[in-house]
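Colleague: no FASTA, just this:
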C-alpha cells in the first residue's frame, strides 16, 4: 500500500484511491477473522518512485523523507509480527509536514501524534477562529480593490505553504490550482 491512500498525494488521485481500497480490503478481511496486512509505505531510498530526478528533494520540501531500505525492512518485520492489520510507515519531517497538512483545521489523522502536537504547540499551526478574526480585522475599512488584493495575497501565501514554496510571491495568481499541483 502507499501513504497516498492514507493522506493523498498531488497528481495521484487514482493511485491514492486504489491504495485506500487495499487498506479497506485488509480491514474487512481482518474483521471477518481472515489474515491480512497492508503497509502504507512512504518513499524508499535507492528504489521506487522517489528515485526519479528531483523527487527526493521535492518530497523533503513537503516534509516527507525517503527511508533507508534497512529502516523500511525493520518496519516491515514489525508490521508482520504486530497485531495491526494496516500500518503506515514513513520518515517524516513533522515541522514541515504538520503545519501544511493541518493548515487552519485540526487533523484527526495525525493530530494526536506527540511530534505533531509539539510542532503545532510551538507555533507551527494556528487556530481557525483566531485566523478568521484576524482576517476580518484586516479587511475592515478596505476598498474593494484592497480587499481583493489582500485576499489574493492570503490565498497565495497558503498555497505556497501547502506546496512548500518559499513564499506567496512564487505562486502565479493566474495559474489554476490543478496546474499548481492540487486536485
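Modeller: Arrived safely. Just so you know, these numbers come straight off a predicted model, no measurement behind them. Numbers count the residues shown, from 1 in each chain.
Colleague: please identify which helix or strand holds residue 107.
Modeller: Counting by DSSP states H and E, no helix or strand carries residue 107.
Colleague: just the helices in this structure please.
Modeller: With helices called from DSSP state H, the chain shows them at 4-7, 13-31, 55-61, 69-81, 94-101, 114-119, 128-139, 144-163, 177-180.
Colleague: in the fourth one, what counts as buried?
Modeller: If I follow you right, that is helix 69-81. 72, 75, 79 (16 or more other CB atoms under 10 Å). Yep, even glycine has a C-beta here, placed from its N, CA and C like the rest.
Colleague: would you turn those residues into a markdown table with pLDDT and distance to residue 31?
Modeller: Shown next, in a markdown table, are the buried residues of helix 69-81 (pLDDT from 0 to 100; distance: CB to CB, whole Å):
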| residue | pLDDT | distance to residue 31 |
| --- | --- | --- |
| 72 | 91 | 27 |
| 75 | 92 | 24 |
| 79 | 90 | 18 |
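Colleague: just give the number of residues close to the closest residue to residue 30 other than its chain neighbours.
Modeller: The spatially closest residue to residue 30, leaving aside those adjacent along the chain, is residue 85, at 4.2 Å (CB to CB, 6 or more residues apart in numbering). A count of neighbours around residue 85, defined by other CB atoms under 10 Å, yields 19.
Colleague: then residue 25?
Modeller: Residue 25 has 15 nearby residues by other CB under 10 Å.
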